[in-house]
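**Q** Got a sequence here, can you build the structure:
(one chain, ligands or ions: 2)
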Amino acid sequence: MSSVQISPSILSADFARLADEVSAVPSADWIHVDVMDNHFVPNLTLGLPVVESLAKASPRPLDCHLMIADPDRWAPGYAEAGAGSVTFHVEAAHAPIRLARAIRSAGARAGLALKPATPVEPYEDLLPELDMLLLMTVEPGFGGQKFLDVVLPKIRRARQMIDRHGGSVWLQIDGGVAADTIERCAEAGADVFVAGSAVYGAEDPDAAVRALRAQAEAAGARVA
Ligand code: DX5
Ligand code: ZN
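**A** Residues are numbered from 1 along each chain as shown. Ligands and ions are numbered 1, 2, ... in the order given. Reported below is the predicted structural model:
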């Protein structure tokens, strides 16, 4: 069985029709929800009340990516609101271990996100506290940006770190993931793929999810 998972980002969906949009991708494993506060990133999207409603309306579990200042204060609330996974940025967190534990206690998977220029090595010892590591392959804040190839060596090193620790932490990639970039990410060792414009910009979003999955599985199998 393949471990590839696809998490379409609703940042590229029609915000006036979110319930329809999350139902349009039944082949997805997760629905990626980008929470932005106009402080940590220069963009503003949605917050707790929308996540709470969407968690009830979505057939797939929510994968909340918090691009917000002071996640120590806010992140556990997203787990309580019904998100299946809550990821916060290490650049914004004051006490990442305490926060990851709080997210898990509130019933969600805990993810740690790194911007493209943040090194992964300092966080190796935190892996047992985490369910997922998110490596950004664009600067966070906007959909539709160009994939940063410069992050690929970090993806490879993160895969090696995770394998050294027993392999139970998922390695998610977010930003510019599309038909022309997903194979490189899978070959480097990623197993959870966020795709916004490549899914919601497609004529048939669910077909795009299936195609991305097939590409990632084939590329992962080549290096396995
Ligand atoms: C960007 C967000 C991404 C975004 C990706 O800061 O974290 O999840 O939706 O969009 P694409 O796939 O279009 O690069
Ligand atoms: Zn995201």
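
**Q** State whether L133 and I162 are indeed in contact, as I suppose.
**A** Yes - at 7.1 Å, L133 counts as touching I162 under the criterion of C-beta atoms under 8 Å. (C-beta placed from N, C-alpha, C; glycine too.)

**Q** Output stretch 119-139 as CSV, restricted to C-alpha atoms.
**A** The C-alpha trace of stretch 119-139 is given here as CSV (Å, rounded to 0.1, in the frame of the first residue of the first chain):
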residue,chain,number,x,y,z
PRO,A,119,17.1,24.8,8.6
VAL,A,120,15.6,21.4,9.6
GLU,A,121,18.6,20.0,11.5
PRO,A,122,17.9,21.9,14.8
TYR,A,123,14.5,20.1,15.1
GLU,A,124,15.7,16.5,14.8
ASP,A,125,15.2,15.9,18.5
LEU,A,126,11.7,17.2,18.3
LEU,A,127,10.5,14.5,15.9
PRO,A,128,9.1,12.2,18.6
GLU,A,129,6.8,15.1,19.7
LEU,A,130,5.5,15.5,16.1
ASP,A,131,3.2,13.7,13.7
MET,A,132,4.2,15.7,10.6
LEU,A,133,6.9,18.0,9.4
LEU,A,134,5.9,20.6,6.8
LEU,A,135,8.6,21.9,4.5
MET,A,136,7.4,25.0,2.6
THR,A,137,8.6,25.0,-1.0
VAL,A,138,7.4,28.7,-1.5
GLU,A,139,7.5,31.6,0.9
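
**Q** follow-up on the earlier one: tell me, what's touching L133 and I162 both at once?
**A** Listed contacts common to L133 and I162 are L127, V169, L171; contacts here mean C-beta atoms under 8 Å, 6 or more residues apart in numbering.

**Q** Any chance of these in TSV with secondary structure, distance to ligand 2 and neighbour count as columns?
**A** TSV is the format used below for the shared contacts of L133 and I162 (DSSP: H, G, I helix; E, B strand; the rest coil; distance: C-beta to the ion, whole Å; neighbours: other C-beta atoms under 10 Å):
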residue	secondary structure	distance to ligand 2	neighbour count
L127	helix	21	18
V169	coil	18	22
L171	strand	15	23
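
**Q** Keep only the residues you listed that also lie close to ligand 1.
**A** The subset of these within reach of ligand 1, by C-beta under 6 Å from any ligand atom, is empty.

**Q** ok, these vs ligand 1, which is closest?
**A** L171 (15.4 Å; C-beta to the nearest ligand atom).

**Q** Residues in a beta bridge with the closest one, which ones?
**A** Following DSSP bridges, L171 is listed with bridge partners L133.

**Q** Just confirm it contacts G189, I think it does.
**A** Yes - in this structure L171 lies within contact range of G189 using C-beta under 8 Å: 6.1 Å.

**Q** Now do the shared contacts for these two.
**A** I155, A158, R159, I162.
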